[in-house]
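Asker: What follows is a predicted structure for the sequence shown.
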Amino acid sequence: MTAEINKGPLLGVRHLQALLIFITITSVYIGRLNVGVSVVAMTNAESTNPNFPEYNWTAAEKSYVLSSFYWGYVITQFLGGYLCKQFGVKSVMFWATFSSGVCSGVTPPLIVWGGWGAYCGIRVLMGCAQGLIFPCIHQHLARWSPPAERNRLGALSHTGIECGNVLSMFVSGMIANGPMGWPGISYISAGVAFACCVLWFIFASNNATESRFIGDAEKHYIETSLQHGANYHKAVIPIPWRAIWTSVPFLALLVTRCAESWGLSTLQAEIPAYMKGVLLMDIKDNALFSALPFLAMWAMSYVYLISSDILLSKIWLSLTAIRKTMNSFAFWVPAVTLIGIGFLDVDQKTLAIVLMTLSVGFNSGATIGSSLNSIDLSPNHASILMGIINTAANAVPIITPLVAGAIVTDDNDRTQWQIVFIISSVIFFVFNCIYLAFGTAVSQPWDAEDFLLGPQPELAKPPVISTSDMKKAISS
């Protein structure tokens, strides 16, 4: 006989927390990615509302503006993991999102005052603020997601990335063409971030025991399903640094996420340049072609989500097998299509768009495949693991264009581009093999609260008194 587990309402507070994460990711990605449209509007007033100032920035100055966000984003990833363990996810997420909104709001007057240099400076500060967020998100999911629902809640919340990508492209362009002009892009981004902060402040909680909206049944379900003791939310657990850095599953995850970052940056940055140089088509000038890969990524993320949910609920595959299967689709399909794109010529532009869309779409499986794996390895230290991983992974896109630039000396030479794509394909293939061999979704021994204390001494056993000894004692 089996008893049905009472999980609380169909849509509970844990689902609300996933929705809050989705909204937060969407809002910060809008602020992060609208810079591409903003720079075009600022430097080419004829393409948007001409009633606002126009700037004659060089190509180098524009490239500094476009990349400046990541200068700050890389350096605060680890700090975000540390701060949310010390002060709680709710506070760190709130102030990080609020600070990002402030940076958006002050951008237009700073540009008028200081030009592209001021724009770079405020983008660096925005990157520092947003660098705190993703380690907090993984810690929040670890606190709120029962293992059976971790894929579902984690993947649903992370679809905010694709939503933010699509909205930043379409909405920013419409705003720039409207009465608010290019300053309106920053002002509306700030408003979205502040609205997100209000929702987060009211409805977010560090864990189920602190929420004033959760019912007893749902709280009991969440707390009992998480494999932690009664002091899970009370004590600050020491971080087992040596165990983390010598953990084979963690190191496999680390290099896998770096490989994902290399491949995705090639898909997003280098393929458009290849299509322009070799196939003589500029997809950045076409809003539909620019957004199509991200729309495919958004749609495919739900395909991966539903598939993994069915496989896990039917117990057809273990969580480890699901992680490795989804990651293999996310890595190996793009590995094949990247090579295929390198052999296309000018007469096969449509096929190039199809292959690029498939590559980016299938790559969305990396969220379930490996991105959420840090929570599996260590729910207690998920933010620390994510901080380390994101620091390394976000440094990779700085290297990728340098390697491509060293190889491709002529944008019209297809042979040189093929070398770039083959390198990315090999990285996708090899590092997924490492993940298949050494990755796991099993919580590691060093996640335990008392791991650093070492083996505990056994309590002294009471002496065993025989019946004859007891009779002697009574007679005496």
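Answerer: That came in fine, so what should we check first?
Asker: Report the spatially nearest residue to residue 154, omitting neighbours in sequence.
Answerer: Leaving aside its sequence neighbours, residue 154 sits nearest to residue 372 (Cβ to Cβ, 6 or more residues apart in numbering; 4.4 Å). Glycine gets a C-beta too; all of them are placed from N, C-alpha and C.
Asker: which residues sit in contact with the one you found?
Answerer: Contact partners of residue 372, counting by Cβ atoms under 8 Å, 6 or more residues apart in numbering, are 138, 141, 150, 151, 154, 155, 158, 323.
Asker: could you flag which of those residues are buried?
Answerer: Burial by neighbour count, 16 or more other Cβ atoms under 10 Å: within the contacts of residue 372 this picks out 138, 141, 150, 151, 154, 155, 158, 323.
Asker: Residue 376 is in contact with the last one, correct?
Answerer: Yes - counting by Cβ atoms under 8 Å, residue 323 touches residue 376, with 7.4 Å between them.
Asker: what touches both of those two?
Answerer: Common neighbours of residue 323 and residue 376, using Cβ under 8 Å, 6+ apart, are residue 441.
Asker: If we ignore the residues flanking it in sequence, what's nearest residue 298?
Answerer: Distances taken as Cβ to Cβ, 6+ apart put residue 162 closest to residue 298, at 3.5 Å, once the chain neighbours are dropped.
Asker: helices or strands up against the helix or strand hosting residue 395?
Answerer: In the assignment (DSSP states H and E), residue 395 maps to helix 382-407. Using 3 or more Cβ pairs under 8 Å, 6 or more residues apart in numbering; DSSP states H and E, the elements in contact with helix 382-407 are helix 59-75, helix 77-87, helix 133-144, helix 241-245, helix 248-265, helix 373-377, helix 414-438.
Asker: So which of the ones you listed is nearest residue 187?
Answerer: Nearest to residue 187 among these is helix 59-75; the distance by Cβ to Cβ comes to 18.1 Å.
Asker: Just the buried residues of the closest one, please?
Answerer: Neighbour-count burial for helix 59-75 flags 61, 62, 64, 65, 67, 68, 69, 70, 72, 73, 74, 75 (criterion: 16+ other Cβ under 10 Å).
Asker: Which residues belonging to stretch 210-228 are considered buried?
Answerer: Buried-residue list, stretch 210-228, by 16+ other Cβ under 10 Å: 211, 214, 218, 219, 220, 221, 222, 223, 225, 226, 228.
Asker: State the mean pLDDT of it.
Answerer: The predicted model assigns stretch 210-228 a mean pLDDT of 83.
Asker: ok, back up a step: which one of the buried ones among the contacts of residue 372 is nearest to residue 349?
Answerer: Nearest to residue 349, judged by Cβ to Cβ, of the buried ones among the contacts of residue 372 is residue 158 at 31.6 Å.
Asker: Which residue, other than its chain neighbours, is closest to that closest one?
Answerer: Once flanking residues are discounted, residue 158 sits nearest to residue 367: 4.8 Å by Cβ to Cβ, 6+ apart.
Asker: what's the residue nearest to residue 154 sitting at in phi/psi?
Answerer: phi -80, psi 0 (degrees, to the nearest 10).
Asker: For burial, what's the neighbour tally of the nearest residue to residue 186 once chain neighbours are set aside?
Answerer: Excluding the flanking residues, the one nearest residue 186 by Cβ to Cβ, 6+ apart is residue 107, at 4.2 Å. Here the number of neighbours of residue 107 (other Cβ atoms under 10 Å) works out to 26.
Asker: burial count for residue 245?
Answerer: By other Cβ under 10 Å, neighbour count at residue 245 equals 11.
Asker: any idea how far it is from residue 239?
Answerer: 11 Å (Cβ to Cβ, to the nearest Å).
Asker: residues contacting residue 365?
Answerer: 300, 301, 304, 326, 327, 329, 330.
Asker: Okay, angle between the helix or strand where the third one lies and helix 248-265 too, please.
Answerer: Assessed by DSSP H and E, residue 304 sits inside helix 287-313. Going by axes from the mean of the first three to the mean of the last three Cα atoms, to 10 degrees, helix 287-313 is angled at 160 degrees with respect to helix 248-265.
Asker: Flag every buried residue along helix 287-313.
Answerer: Buried residues in helix 287-313, defined by neighbour count with 16+ other Cβ under 10 Å: 289-298, 300-301, 304-305, 307-309, 311-312.
Asker: and what of stretch 9-23?
Answerer: Buried residues in stretch 9-23, counted by 16+ other Cβ under 10 Å: 12, 13, 14, 15, 16, 17, 18, 19, 20, 21, 22, 23.
Asker: which residues does the third one contact?
Answerer: Under the criterion of Cβ under 8 Å, 6+ apart, the neighbours of residue 14 are 144, 145, 146, 149, 153, 208, 218, 222.
Asker: The fifth one reaches residue 144, doesn't it?
Answerer: Yes - Residue 153 is within contact range of residue 144, at 7.2 Å (criterion: Cβ under 8 Å).
Asker: Which neighbours do these two have in common?
Answerer: Contacts common to residue 153 and residue 144, judged by Cβ under 8 Å, 6+ apart, are 14, 17, 18.
Asker: angle of the longest helix belonging to the chain against helix 382-407?
Answerer: Secondary structure of the chain read by DSSP state H shows that its longest helix is helix 89-130. Angle of helix 89-130 versus helix 382-407, following the same axes, to 10 degrees, is 20 degrees.
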